[in-house]
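K.L.:
Dropping the sequence and predicted coords here.
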Amino acid sequence: MRQSHIAVIGAPMDLGAGRRGVDMGPSALRVAGLNQKLAELGYLAGDLGNVVVDQPESLPTGPTHARYLPQIAHTCARLSEMVERAADQGHVPLVLGGDHSAAIGTVAGMSRHFGKTGRKLGVLWIDAHADMNTPDSSPSGNVHGMPLACIIGLGPSELTSIASQVPMVEPQNVAIVGLRSVDDIERFNVRGAGVHPFTMRDIDERGMRTVMQEAIHAVSSGTSGFHLSFDLDAVDPAEAPGVGTPVHGGITYREAHLAMEIVNDSGLMTSLEMVELNPVLDIANRTAILGVELLMSALGKRIL
């Protein structure tokens, strides 16, 4: 950043979620005026449409420990190609989810893009959940609880190998901000993997500014920039009701904007995505409007 051209890519996938509806997330974000607001910030916004996603109703769920695994792998592979192509053209990929398993495809594409010139990528993961389950530890078998594990090389080979290098991102260059809901066995994955977790207690005690500065330092040390993956359930459900897995006690409206403004200040974000918006559970597209506002802050919008 700052490149002038944004490549908007929809990933209307809910194969990885336990609750239907997030496949409508990309449409809701577009309806909330995303492309117009990108133009108002001075960007050239090219909307590349949506990646092709299989419909759950027409498919068997497959293995209970990793539901719809083959279909998710195929979708993420297609998404990774779209993201890589956009980045190779000098554009900033902006992916609209869809459930968080789409991040495997986004990061795979960016990892391949950077790998062509021997560079490394970091990942800033803003989420109420760690998303570091594996099929062996997941209590639900829903793949949207596994993408960060796959990105750092833990998980099914169908997903970990999409970037053609394992791991896609080194664990020490991953930071998770906003954690407040971690499964029992998943805790061991988070503690032992070498990622940098920042819980809501860290934010409460030390403030969002300090947490974000430390997180950005972690994801940018030894890398050429970082991918931002923003799960809307990181925000408190009082502000973002339209998510499939809400958890009380989340990031406030102003904390979320501050985090995004600090991301932009760093000048190190290379790509971004907004995921887990469920319009079925939303109120008058309120969460989608918030999502677009946060994306604008990450891309440079300021009060003055």
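P.N.:
Good, I have the coordinates.

K.L.:
Can you show me the strands along this protein?
P.N.:
Applying DSSP state E to the chain gives strands spanning 5-11, 44-50, 92-97, 122-126, 174-179, 196-199, 226-231, 269-275.

K.L.:
could those be laid out in a markdown table, adding distance to Glu158, mean pLDDT and mean neighbour count?
P.N.:
Glycine gets a C-beta too; all of them are placed from N, C-alpha and C. Below are these laid out as a markdown table (distance: least, Cβ to Cβ, whole Å; pLDDT from 0 to 100; neighbours: other Cβ atoms under 10 Å):
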| stretch | distance to Glu158 | mean pLDDT | mean neighbour count |
| --- | --- | --- | --- |
| strand 5-11 | 17 | 98 | 24 |
| strand 44-50 | 22 | 96 | 15 |
| strand 92-97 | 19 | 97 | 27 |
| strand 122-126 | 20 | 98 | 29 |
| strand 174-179 | 21 | 98 | 26 |
| strand 196-199 | 26 | 98 | 19 |
| strand 226-231 | 20 | 98 | 28 |
| strand 269-275 | 20 | 98 | 25 |
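
K.L.:
Now those strands in a markdown table, please, with extra columns for distance to Gly115.
P.N.:
As requested, the strands of the chain are exported to a markdown table (distance: least, Cβ to Cβ, whole Å):
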| stretch | distance to Gly115 |
| --- | --- |
| strand 5-11 | 19 |
| strand 44-50 | 22 |
| strand 92-97 | 16 |
| strand 122-126 | 14 |
| strand 174-179 | 17 |
| strand 196-199 | 22 |
| strand 226-231 | 13 |
| strand 269-275 | 13 |
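
K.L.:
Any stretches of the stretch 51-200 of the chain with poor pLDDT?
P.N.:
Applying pLDDT under 70 to the stretch 51-200 of the chain flags the ranges 57-58.

K.L.:
how far away is the most centrally placed residue in the chain from Cys76?
P.N.:
Nearest to the mean C-alpha position of the chain, counting by Cα atoms, centre = their mean, stands Ser229 at 2.7 Å. Remark: distance between Ser229 and Cys76 (Cβ to Cβ, to the nearest Å) = 13 Å.
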